[in-house]
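1. using only what follows, build the 3D model:
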Amino acid sequence: MRVVSVSLLAVSLVAPSLLAQAPRSNKLTLGLFLELERAGSPQIAPDGRQIIYTRGWVDKINDRWESSLWMMNVDGTRNRFLVDGSNAQWSPDGTRVAFTARGEPTGSQIFVRWMDAEGATTQITRISDGPSGLAWSPDGQWIAFNMNVDDKPDFPRVSLPPRPEGAKWVGDPKVVTRLNYRRDRQGYIDGGYRQIFVVPATGGTPRQITDGNWNSSAPVWTPDGAEILFSSLRVDTAEYAWRESEIYAVNVATGAVRQLTHHAGPDGNPVVSPDGKMVAYGATDAGDYTYHTTSLYVMDVSGANPRLLTPDFDNSPEDLVWAADNSGLYFTIQEKGTQNLYFVGLKGGIRQLSDGNHRFSIDAVTPQGLAVGTRTSYYEPGDIVTYDVKKRAFTKLTDVNGDILAGKKLGEVEEIWYTSLDNYQIQGWVVKPPDFDPNKKYPLILSIHGGPHSMYGVNFNFGFQEHAANGYVVLYTNPRGSTGYGSAFGNAIKNAYPSKDFDDLMNGVNEVIKRGYIDTLNMFVYGCSGGGVLTSWTVGHTTRFAAASANCAVTNWFSFVGTTDGASWYHNFAKLPWEDPTEHLRRSSIMYVGNVTTPTMLMTGEMDLRTPMEQTEEYYRALKMQKVPTAMVRFKNEWHGTGSTPSNFMRTQLYLRAWFEKYKRPSAGISN
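-> Below you'll find the model as predicted:
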């Protein structure tokens, strides 16, 4: 068997001109990605005067993203570095900040920094598994968090005969007994469950307060400090449940657990009102659907009197924040590619508080009505902003990428709407090359989002802008199945994915072609995850694209449902595959590989557990058997996706364009 390494493949695919990335003074270049920064998770001090936020940056030496905590005044002045770390949380009195960072003996640990002039910092945990979900107790004496707790598999113990002296026997096998035994970006998870712990804020031994063979969500304290709320499903058959969870309260002193919700369907994200009397949470009714929006409920802290606050509101509230006077809740929704701020009172009545062609998420709202969050738009990467609810005015506090984007001419982004099959109205966006000339013909890249229940939007996208800077028109759309357009739109692909959303994508291509500036001989398509599904489906159902790249794809549903990192995908088909495999096969791209003539590359992370490498390998070999031009690119140090490692993001961009350039057809009038 002849084995071709990825490094050899790179030599044949990546043109020297792409690797060199000749500098263009006024256009975005790939090398600028290494200078990109991320701003997020702003936390406002209890007195409302200062904000701590996380600032991410690329460690170019170790090829990874790192994060630091920065602090500034609420008006954006005195913006300065504080400490390396992330996940900052102010203590209730504002004297300290808890955060996570690398510590001893290994991995992520919890630290506390005093916010006085001395700035003393103490590592308060020395645990073997990374903590998450940090939450201060109301009196500032404790910090609650989640951590994995090992359990022993329900399996008979065996004892081998004694080993001869000096024998080097192979290690014990791994025994798996759980239905869901591994998860992407974590690996095997059959050895334990996420439990809730508390640790003294001065440091000490963490105390476990939940137990059992169930995972617990991030902890939420009640204002009296007596209980912690969390979501879970604490029943013996929990691993077999589909879209089911409840909200519970655990007594911090005794560990006694009481169930607050009793509702068929998932209940989660509890948020306790400032006076401690009510709990807001998200819930979805159980049903036979692939997608449904989440509704906002409130109940008494005892669990009594649950009631719906958002009837007839076909969007999912996110970023829930109680008003300081307990009168209602602030929240954001993703809608038609945007995200804005809303408010709903306990007596009903939903009001939109912000508007704009941006994506605005919130982390806190002060008693004075100042919302603190992050905002991104077409030409602005995410930055920290405040929004004055009364004045309806934004203030931008950071500009972490202003230095690298200064003087750079970005591609114009145009929003489009078009009519698809069944009279569906579909939204999309077109990114044009800088110095775009409508009288010229440009190659087109169609980019397809994953999910399939997710949403492209109006946020800044470095990858799209970098493709545009290299002379491509980029089209991205939200076909049926996308979120942000209501339950019916998201559920329209039930038992049909990926066929109906394929129709929407092709009609989007037709819409852009009508504009007269697309070189129809040189159209290309790619996507990852759900986008990889649709890319592999596309090349089996049309020959209109000159080349394609199906990344981290599902190509065979029959084998996928049993090998992905969870059993939930079994429920996305009318019948189980051993009862009737016809739907699984009918919806699988590999069943149409005999139609493929389009040169199709496949790129997947070698550690991918969501869309395992076997899915790529099956399709790759099928293409080879059909003698279709193909290449399999196996990314190192990547779980699901191909761009979490900085250098792999850049490789993804380069491999895509190298493959497209390799199969670009001669055509007059192309702008290069």
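2. nearest spatial neighbour of Arg113, chain-adjacent residues omitted?
-> Using CB to CB, 6 or more residues apart in numbering and skipping the chain neighbours, the partner closest in space to Arg113 is Thr121 (4.4 Å). All C-beta atoms are positioned from the backbone trio N, CA, C, and that covers glycine.
3. same thing with Asn87?
-> Excluding its sequence neighbours, the residue lying closest to Asn87 (CB to CB, 6+ apart) is Thr100, at 4.6 Å.
4. for Val271, give its distance to Glu239.
-> Distance of Val271 to Glu239, given as CB to CB, to the nearest Å: 27 Å.
5. what does Pro200 give?
-> On the measure of CB to CB, Pro200 and Glu239 end up 34 Å apart.
6. do the same with Gln626
-> Between Gln626 and Glu239 the distance, using CB to CB, works out to 40 Å.
7. more neighbours, the two?
-> A count of neighbours by other CB atoms under 10 Å puts Glu239 above the other of Gln626 and Glu239, at 16 against 13.
8. is it true that that one lies in a helix?
-> Yes: the assignment for Glu239 is a helix, going by DSSP: H, G, I helix; E, B strand; the rest coil.
9. dump the residue contacts of the nearest residue to it once chain neighbours are set aside.
-> In this structure, Glu239 finds its nearest non-sequential neighbour in Leu179, 4.4 Å apart by CB to CB, 6+ apart. Applying CB atoms under 8 Å, 6 or more residues apart in numbering, we find Leu179 in contact with Glu239, Tyr240, Ala567.
10. correct me if wrong, but Ala622 is in a strand.
-> No: per three-state DSSP, Ala622 lies outside any strand segment and is helix.
11. what count of nearby residues applies to it?
-> Other residues within reach of Ala622 by the criterion other CB under 10 Å amount to 21.
12. wait, what's in contact with it?
-> If a contact means CB under 8 Å, 6+ apart, then Ala622 has Ile590, Val593 as its contacts.
13. state the distance from it to Leu602.
-> Distance check for Ala622 against Leu602: by CB to CB, it reads 11 Å.
14. again, but for Tyr456
-> Counting by CB to CB, the gap from Tyr456 to Leu602 is 22 Å.
15. now do the strands in the stretch 301-450 of the chain.
-> With DSSP state E, counting those that start in this stretch, the ranges of strands along the stretch 301-450 of the chain come out as 307-308, 318-322, 328-335, 338-345, 350-352, 359-365, 370-377, 380-388, 393-396, 413-419, 425-431, 442-448.
16. okay, the angle between the third one and strand 318-322?
-> Pointing back at strand 328-335 there. Calculated by axes from the mean of the first three to the mean of the last three CA atoms, to 10 degrees, strand 328-335 forms an angle of 170 degrees with strand 318-322.
17. who are the packing partners of strand 328-335?
-> Other elements packing on strand 328-335 under the criterion 3 or more CB pairs under 8 Å, 6 or more residues apart in numbering; DSSP states H and E are strand 295-300, strand 318-322, strand 338-345, strand 359-365.
18. ok, which of these comes nearest Asn495?
-> Each of the helices and strands packed on strand 328-335 was checked against Asn495 via CB to CB, and the shortest separation belongs to strand 295-300, namely 24.3 Å.
19. shouldn't Thr538 be within a helix?
-> Yes: when classified by three-state DSSP, Thr538 is found to be part of a helix.
20. which ones are touching it?
-> By CB under 8 Å, 6+ apart, the contact list for Thr538 reads Phe502, Leu505, Met506, Val525, Phe545, Ala548.
21. mind putting those residues into TSV with pLDDT, secondary structure and distance to Glu606?
-> Formatted as TSV, the contacts of Thr538 follow (pLDDT from 0 to 100; DSSP: H, G, I helix; E, B strand; the rest coil; distance: CB to CB, whole Å):
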residue	pLDDT	secondary structure	distance to Glu606
Phe502	96	helix	28
Leu505	98	helix	29
Met506	98	helix	32
Val525	98	strand	24
Phe545	98	coil	27
Ala548	98	strand	21
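22. next, format the contacts of Leu179 as TSV and append distance to Glu511.
-> Written out in TSV, the entries for the contacts of Leu179 read as follows (distance: CB to CB, whole Å):
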residue	distance to Glu511
Glu239	45
Tyr240	44
Ala567	39
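23. out of the residues you listed, the closest to Thr332 would be?
-> Ala567 (31.3 Å).
24. what's the burial count for that closest one?
-> Counted with other CB under 10 Å, the neighbours of Ala567 add up to 15.
25. likewise for Asp580?
-> Per other CB under 10 Å, the neighbour tally for Asp580 reads 12.
26. not counting sequence-adjacent ones, nearest residue to it?
-> That would be Ala574: by CB to CB, 6+ apart, it lies 7.8 Å from Asp580.
27. OK, contacts around the one you found?
-> With CB under 8 Å, 6+ apart as the criterion, the residues that contact Ala574 are Asn495, Asp580, Glu583.
28. make JSON lines out of these and add distance to Pro438, pLDDT and secondary structure.
-> Formatted as JSON lines, the contacts of Ala574 follow (distance: CB to CB, whole Å; pLDDT from 0 to 100; DSSP: H, G, I helix; E, B strand; the rest coil):
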{"residue": "Asn495", "distance to Pro438": "42", "pLDDT": "93", "secondary structure": "coil"}
{"residue": "Asp580", "distance to Pro438": "52", "pLDDT": "96", "secondary structure": "coil"}
{"residue": "Glu583", "distance to Pro438": "45", "pLDDT": "96", "secondary structure": "helix"}
